[in-house]
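Undergrad: Sharing a model that was predicted from the sequence below.
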2 protein chains.
Amino acid sequence: MSDLLERLRGRGWRLTSQRRVVAEVLDGEHVHLTADEVHARAVSVLPEISRATVYNTLGEMVSLGEVMEVATDGRAKRYDPNARHAHQHLICSGCGSIRDVHPQGDLIAALPAGERFGFVISGAEVTYRGLCPDCS
Amino acid sequence: MSDLLERLRGRGWRLTSQRRVVAEVLDGEHVHLTADEVHARAVSVLPEISRATVYNTLGEMVSLGEVMEVATDGRAKRYDPNARHAHQHLICSGCGSIRDVHPQGDLIAALPAGERFGFVISGAEVTYRGLCPDCS
DNA sequence: ATCCTAGCTTGGACTTTGTCTAAGTCAACA
DNA sequence: TGTTGACTTAGACAAAGTCCAAGCTAGGAT
């Protein structure tokens, strides 16, 4: 069983076959899938799994902090299983492919107090855009 | 007439009443509206304006670089008329309100060559998240 | 081992956001 | 003032996601 599933079980999750399959899809080699892509892969293992369950499970994993939601400019959100290590994203404007990247410096410290409008800042995300070698 | 409309006319736009109304809505006090909010405000001035025209006009303004598209995590894209001055966004996790902010430092320079995967980087956007004074 | 039940899953209807199309309209130039 | 190609319209369509009532089941209780 994957680390992800073990952590989820430790949080009191009921360990259903549907949740197991979704976690295994995310934990596999394929990263940054859309919810529909996750569903398609899950169906190939567990044909009767419903879209609603995939959406529910992804949403629960996100709110537990186990999976990161990535809002690219396309329509569908993507899900990144690498949520436990801080990282940012680099997206190809041509083909939409996504890489995890690790910029230097402290993003939050870069925002001066006078620019915070009294907000309590909890985080920052960067999206780099460019053209990948295949598209440029 | 607003600066925005003058610039659009200078680019060869046909100046229709629909485009004028959309530009005026964006140029007003209200920032970061969704397409539907733009449509709602436009309708109150020009009741017969269609949703399709609002979407078309916003899309054209974005591709001309006059308006910036902001993908928050919510469902609908928002449109920021302040596209001509580089800035980033600070979003309240409670109420969803958005402020323009200006962090220090060079985001692109913060990404080491070894982290670029051969991409030609064209830009970077930051989204800060936190709680505004009313929500915290 | 089996029962119970709260929590999970399902299919399908529904909503939201956005795109497309064919037909009609009109801004701007001649 | 007429012409014309760009613009607008209503409504159908599509994509992505949410919600609900009914049925199922994992895992603790017995």
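TA: Good, I have the coordinates.
Undergrad: Residue nearest the middle of chain A, spatially speaking?
TA: Nearest residue to the geometric centre of chain A (C-alpha atoms, centre = their mean): residue A:80, 2.3 Å.
Undergrad: Which residues are in contact with it?
TA: The neighbourhood of residue A:80, defined by C-beta atoms under 8 Å, 6 or more residues apart in numbering or on different chains, consists of A:31, A:32, A:67, A:68, A:69, A:70, A:89, A:100. Using the backbone N, CA and C atoms, a C-beta is placed for each residue, glycine as well.
Undergrad: Report the contact partners of the fourth one.
TA: If you count contacts by C-beta under 8 Å, 6+ apart, residue A:68 has them with A:62, A:79, A:80, A:81, A:82, A:83.
Undergrad: and the fifth one, what does it touch?
TA: Listed by C-beta under 8 Å, 6+ apart, the contact partners of residue A:82 are A:31, A:68, A:100.
Undergrad: Would you agree the first one is in contact with residue A:81?
TA: Okay, so that is residue A:31. Yes. Contact criterion C-beta atoms under 8 Å: residue A:31 and residue A:81 qualify, at 6.6 Å.
Undergrad: of the two, who's got more company?
TA: Regarding residue A:31 and residue A:81, a neighbour count based on other C-beta atoms under 10 Å in any protein chain shown identifies residue A:81 as having more, with 20 against 16.
Undergrad: right, and the helix or strand after the helix ranked longest in chain A?
TA: Longest helix in chain A, counting residues (DSSP state H): helix A:51-63. Where DSSP states H and E defines the elements, the next helix or strand beyond helix A:51-63 is strand A:68-70.
Undergrad: Mind checking if the helix or strand following that next one is in reach of DNA strand D?
TA: Using DSSP H and E, the helix or strand that follows strand A:68-70 towards the C-terminus is strand A:78-80. No. On the criterion C-beta under 7 Å from any atom of the strand, strand A:78-80 is out of touch with DNA strand D, staying 8.3 Å away.
Undergrad: just to revisit the earlier point, let me have the contacts of residue A:82 in a markdown table, extended by distance to DNA strand D and pLDDT.
TA: Below are the contacts of residue A:82 laid out as a markdown table (distance: C-beta to the nearest atom of the strand, whole Å; pLDDT from 0 to 100):
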| residue | distance to DNA strand D | pLDDT |
| --- | --- | --- |
| A:31 | 16 | 82 |
| A:68 | 14 | 93 |
| A:100 | 20 | 94 |
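Undergrad: which one of those is nearest residue A:10?
TA: Using C-beta to C-beta, residue A:68 comes nearest to residue A:10 of those, at 19.4 Å.
Undergrad: where's the closest one relative to residue A:53, distance?
TA: Going from residue A:68 to residue A:53 by C-beta to C-beta, to the nearest Å gives 20 Å.
Undergrad: close enough to count as contact, residue A:89 and residue A:98?
TA: Yes. Assessed by C-beta under 8 Å, residue A:89 is found in contact with residue A:98 at 5.5 Å.
Undergrad: Report the contact partners of the closest residue in space to residue A:103 that isn't next to it in sequence.
TA: What sits nearest to residue A:103 in space, not counting adjacent residues and going by C-beta to C-beta, 6 or more residues apart in numbering or on different chains, is residue B:110, at 4.1 Å. By C-beta under 8 Å, 6+ apart, the residues touching residue B:110 are A:103, A:104, A:105.
Undergrad: Out of these, which end up buried?
TA: Buried by 16 or more other C-beta atoms under 10 Å in any protein chain shown: residue A:103, out of the contacts of residue B:110.
Undergrad: Can I get the contacts of residue B:110 in JSON lines including distance to DNA strand C and pLDDT?
TA: JSON lines is the format used below for the contacts of residue B:110 (distance: C-beta to the nearest atom of the strand, whole Å; pLDDT from 0 to 100):
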{"residue": "A:103", "distance to DNA strand C": "28", "pLDDT": "96"}
{"residue": "A:104", "distance to DNA strand C": "33", "pLDDT": "95"}
{"residue": "A:105", "distance to DNA strand C": "32", "pLDDT": "93"}
